[in-house]
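Chemist: Return atomic coordinates for the entry below.
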Amino acid sequence: MGEAAPSPAGAGTLSAVLPSVLSSLGSTRYAARPLLPLVAARRAIVVLVDGLGDTLVRRRAGHAPFLRSGLAAAYRLTCGFPSTTATSMGSFGTGLPPGAHGLVGYEVLVPGAVPEADRLLNELSWEDGPDPFAWQPEPTVFEAAEADGVAVTRIGPGFFDGSGLTNAALRGGRFRAAYHLAARVDEALAAVRAARRALVYLYWGDVDKIGHVHGPGSAAWGEELERVDAELARLVASVPADTAVYVTADHGMVEIPFVDRVDLADEPELNTGVRFVGGEPRAVQLYCAPGAAADVAAAWRDRLGDRATVTTRSDAVAAGLFGPPDVVAQRVLPRIGDVLVNCTGSLAVVDSMRMRRELLVLLGLHGSVSEDEVAIPLFHWPARTA
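Modeler: Numbers count the residues shown, from 1 in each chain. This next block holds a predicted model:
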């Protein structure tokens, strides 16, 4: 479907999206950062379609005539690591890489210095989680926009309002709840028309949900893409002339057959020396007993071979997996696994003794470093008048 537009050096990640959009609205707050060259506008709507990976949308573009028409101008970005919603929302909302904002996985260790520590935290559900404002103390781009006099509206399902992940990564402005996508588009149009300078964020999650259950190559995934495409076309056609519209995603997805899954319930040697198994099936983070990390890494390398890369925390940080090494905060380091296992082939690691059945039966997965998982688009329709 053609090549994506190149992004400027240093601005090719999800963390650059909101700072670039705010800068296009006249703010100079992020002027020192690498930014995407977006056309100036008075108002902007940013839509994040969960799971709409760049590779996937190009592969299934026959279901999306409107998005297909914007592919040639769309930027091809990366979401960062791990390629999972909680981490990507941190990068999107703060404009920082994971090592700086600290939301470093689907399930991560709560370190010992934090109250109720030494357990795993699901950063997506945030069940019994720590104070999100302390866990992620960096200001968000929405807070910065408000401080610069831009009216901020966030639109999503009602249970997002005040949730742990929302307060950690996406705080700032007002929240408007809507269930169906058409209703969210209507809310976005009303919000952008209500202010002279506005930044509106709209979230849609069903592409991801259907991809998990049916697979990203399924007919159901294509049908959902058709519905999203039609509503995005309506949105762009309906905004005021001084309003830009952007569409991006938090990650892509791969489909892993059940025969290609390693079950830790049947692999006692892989559990030796491991205190907690965090992360997710495509990007496992192992929290080891003191002094056991080297042996754990060796055992996992021997078992998984060339279907996965196995690295220590220090090597992963040094390689820039969580962003430039010099920005990885000391408070964040203990949250990262002692050993990281990233599936690169057709492989996933599950644990039928610990995981809920509804998670074990998911076809579509993400979290690792393959192109299908990390590549995301940034579609953009500039304002017709500034």
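
Chemist: first vs last residue of stretch 142-151, how far apart are they?
Modeler: 9 Å (CA to CA, to the nearest Å).

Chemist: Need the contact partners of that stretch.
Modeler: For stretch 142-151, contacts defined as CB atoms under 8 Å, 6 or more residues apart in numbering pick out 18, 22, 25-27, 29-30, 93, 152, 154, 170-173, 191, 194-195, 197-199, 201. For the C-beta atoms, the positions are set from N, CA and C on the backbone; glycine is no exception.

Chemist: Residue 233 and residue 47: what is the separation?
Modeler: Distance check for residue 233 against residue 47: by CB to CB, to the nearest Å, it reads 12 Å.

Chemist: Settle it for me: which of these two has more neighbours?
Modeler: Set residue 233 next to residue 47 and count neighbours by other CB atoms under 10 Å: residue 47 wins out with 26 against 15.

Chemist: circling back: now intersect the contacts of stretch 142-151 with the helices, please.
Modeler: Among the contacts of stretch 142-151, DSSP state H puts 18, 22, 93, 191 in helices.

Chemist: so can I have TSV of those residues showing pLDDT?
Modeler: Shown next, in TSV, are the ones in helices among the contacts of stretch 142-151 (pLDDT from 0 to 100):
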residue	pLDDT
18	98
22	98
93	98
191	98
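
Chemist: Just the buried residues of the contacts of stretch 142-151.
Modeler: Buried members of those, counted by 16 or more other CB atoms under 10 Å: 18, 22, 25, 27, 29-30, 93, 152, 154, 170-173, 191, 195, 197-199, 201.

Chemist: What does the pLDDT read for the closest residue to residue 289 other than its chain neighbours?
Modeler: Nearest residue to residue 289 in three dimensions, chain neighbours excluded: residue 273, at 5.2 Å (CB to CB, 6 or more residues apart in numbering). pLDDT recorded at residue 273 is 97.

Chemist: Centre-most residue in this structure?
Modeler: In the chain, the centroid-proximal residue (CA atoms, centre = their mean) is residue 88; its distance is 2.5 Å.

Chemist: how about the helix or strand hosting that residue as PDB, C-alpha atoms only?
Modeler: Using DSSP states H and E, residue 88 maps to helix 85-94. This file holds the C-alpha atoms of helix 85-94, laid out as PDB (Å, rounded to 0.1, in the frame of the first residue of the first chain):
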ATOM      1  CA  THR A  85      -1.300  -0.800  26.300                       C
ATOM      2  CA  ALA A  86      -0.300   0.300  29.800                       C
ATOM      3  CA  THR A  87       3.200   1.200  28.700                       C
ATOM      4  CA  SER A  88       2.100   2.900  25.500                       C
ATOM      5  CA  MET A  89      -0.500   5.000  27.400                       C
ATOM      6  CA  GLY A  90       2.300   6.200  29.600                       C
ATOM      7  CA  SER A  91       4.500   7.100  26.600                       C
ATOM      8  CA  PHE A  92       1.500   8.700  24.800                       C
ATOM      9  CA  GLY A  93       0.300  10.700  27.800                       C
ATOM     10  CA  THR A  94       3.600  11.900  29.200                       C
END
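
Chemist: Need the contact partners of that helix.
Modeler: 13-15, 17-18, 48, 50, 79-81, 96-98, 100-106, 123-124, 136, 138-142, 165, 168-171, 208, 248, 250-251.

Chemist: From these, which land in helices?
Modeler: Using DSSP H, the contacts of helix 85-94 in helices are 17, 18, 98, 100, 101, 141, 142, 165, 168, 169, 208.

Chemist: Export those residues to JSON lines and append columns for distance to residue 182.
Modeler: Below are the ones in helices among the contacts of helix 85-94 laid out as JSON lines (distance: CB to CB, whole Å):
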{"residue": "17", "distance to residue 182": "24"}
{"residue": "18", "distance to residue 182": "25"}
{"residue": "98", "distance to residue 182": "33"}
{"residue": "100", "distance to residue 182": "36"}
{"residue": "101", "distance to residue 182": "32"}
{"residue": "141", "distance to residue 182": "27"}
{"residue": "142", "distance to residue 182": "24"}
{"residue": "165", "distance to residue 182": "25"}
{"residue": "168", "distance to residue 182": "29"}
{"residue": "169", "distance to residue 182": "26"}
{"residue": "208", "distance to residue 182": "19"}
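
Chemist: Closest to residue 34 out of these?
Modeler: residue 17 (12.1 Å; CB to CB).

Chemist: how much space between that closest one and residue 301?
Modeler: On the measure of CB to CB, residue 17 and residue 301 end up 36 Å apart.

Chemist: who's more crowded, the two?
Modeler: residue 17 (26 against 16).

Chemist: Which residues does the lengthiest helix in the chain contact?
Modeler: Ordering each helix of the chain by length in residues (DSSP H) puts helix 219-238 first. Contacts with helix 219-238, where a contact means CB under 8 Å, 6+ apart, come from 45, 47, 49, 52, 57, 60, 62-67, 181-182, 185, 188-189, 204, 206-207, 210-211, 213-215, 245, 247, 381.
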